[in-house]
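Trainee: Following is a predicted model, sequence given first.
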Amino acid sequence: MIAADLTFDRQALLEKIRVAMKPARFQHVLGVEEAALTLADQYGCDPKKASLAALLHDYAKEVEDQVFLDLIAKYDLDKDLLNWDNNIWHGVVGAYKIAEDFGLKDEEIFQAIQRHTIGAGQMTLLDKVLYVADYIEPNRDFPGVDEARRIAKESLDKAVAYETAQTISYLAKKGVPIYPQTLETYNGYVAWLKEQE
């Protein structure tokens, strides 16, 4: 459905995504696309890639756990993934389902989807656009989101640093494990936090 040159039927794509999720999540996806396109325009990212990555990023969010377990086995993915859950799987493993279901062949979009909740120590422009857009999209309403939106207008790297620090703080307060790659993202971008002082 999506060739390497990124040709696709937008309406058919939207319909396939819409039926895979609850209405509120579909609205979130559209909000992420809106935010991603704004960031892409500001920072010089390919708008077609930003749009596609945003529309597809949560496609696997509501699938059964067994689907992820089967994909981990099928693609011989890191066995440590078995110790996590949907919060990690829907991006890292879900990208494989997206590739299968949509014929997605673009490696940059695939990677951005994998990293959209966990980031990476070093991220591409598209990685950062999707990571930040997912956090600041207009439907989001939580403490710190307005500050995240302000920072995103100033610097994508600062936005990645701020959002990762906020996420780690939130997870630590809940007393839950933090995915190692999220810590790598924090370490990779923490210097940008000093820029905000």
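Mentor: Nice, thanks for sending it over.
Trainee: Could you use CA atoms for every contact and neighbour count after this?
Mentor: Will do.
Trainee: pull the longest helix from the chain.
Mentor: Longest helix in the chain, counting residues (DSSP state H): helix 23-43.
Trainee: Distance-wise, check residue 42 relative to residue 29.
Mentor: Relative to residue 29, residue 42 is positioned 20 Å away (C-alpha to C-alpha, to the nearest Å).
Trainee: Neighbour count for those two, which is higher?
Mentor: Shown here are residue 42 and residue 29; by other C-alpha atoms under 10 Å, residue 29 has more neighbours (27 against 14).
Trainee: Identify the residue nearest the more buried one in space, chain neighbours excluded?
Mentor: Among residues not flanking residue 29 along the chain, residue 55 sits closest, at 5.6 Å (C-alpha to C-alpha, 6 or more residues apart in numbering).
Trainee: Tell me where the chain is predicted with low confidence.
Mentor: Low-confidence segments of the chain (pLDDT under 70): 1-7, 195-197.
Trainee: Which residue ranges of it form helices?
Mentor: With DSSP H, the ranges of helices along the chain come out as 10-18, 23-43, 47-56, 65-74, 86-92, 94-102, 107-115, 125-136, 145-154, 156-174, 180-189, 191-194.
Trainee: Report the contact partners of residue 114.
Mentor: Shown in contact with residue 114 (C-alpha atoms under 8 Å, 6 or more residues apart in numbering): 91-95.
Trainee: just those now: which is nearest residue 181?
Mentor: residue 92 (10.8 Å; C-alpha to C-alpha).
Trainee: unless I'm mixing things up, that closest one is touching residue 113, no?
Mentor: Yes - with contact defined as C-alpha atoms under 8 Å, residue 92 counts as touching residue 113 (7.3 Å).
Trainee: Can you tell me which of the helices of the chain is most buried?
Mentor: Comparing the helices of the chain by mean neighbour count (mean count of other C-alpha atoms under 10 Å), helix 125-136 comes out on top with a mean of 26.
Trainee: Pull up the gap between residue 80 and residue 176, please.
Mentor: Noted for residue 80: a distance of 16 Å to residue 176, by C-alpha to C-alpha.
Trainee: I meant to write residue 148 there.
Mentor: In terms of C-alpha to C-alpha, residue 148 sits 23 Å off from residue 176.
Trainee: Look up phi and psi at the residue positioned nearest the centre of the chain.
Mentor: What sits nearest the mean C-alpha location of the chain, by C-alpha atoms, centre = their mean, is residue 116, with 2.0 Å. Note on residue 116: backbone dihedrals following degrees, to the nearest 10 are phi -70, psi -20.
Trainee: and what of residue 104?
Mentor: The phi/psi pair for residue 104 (degrees, to the nearest 10) is phi -70, psi 120.
Trainee: you'd agree it is up against residue 98?
Mentor: Yes - applying C-alpha under 8 Å, one finds residue 104 in contact with residue 98, separated by 6.8 Å.
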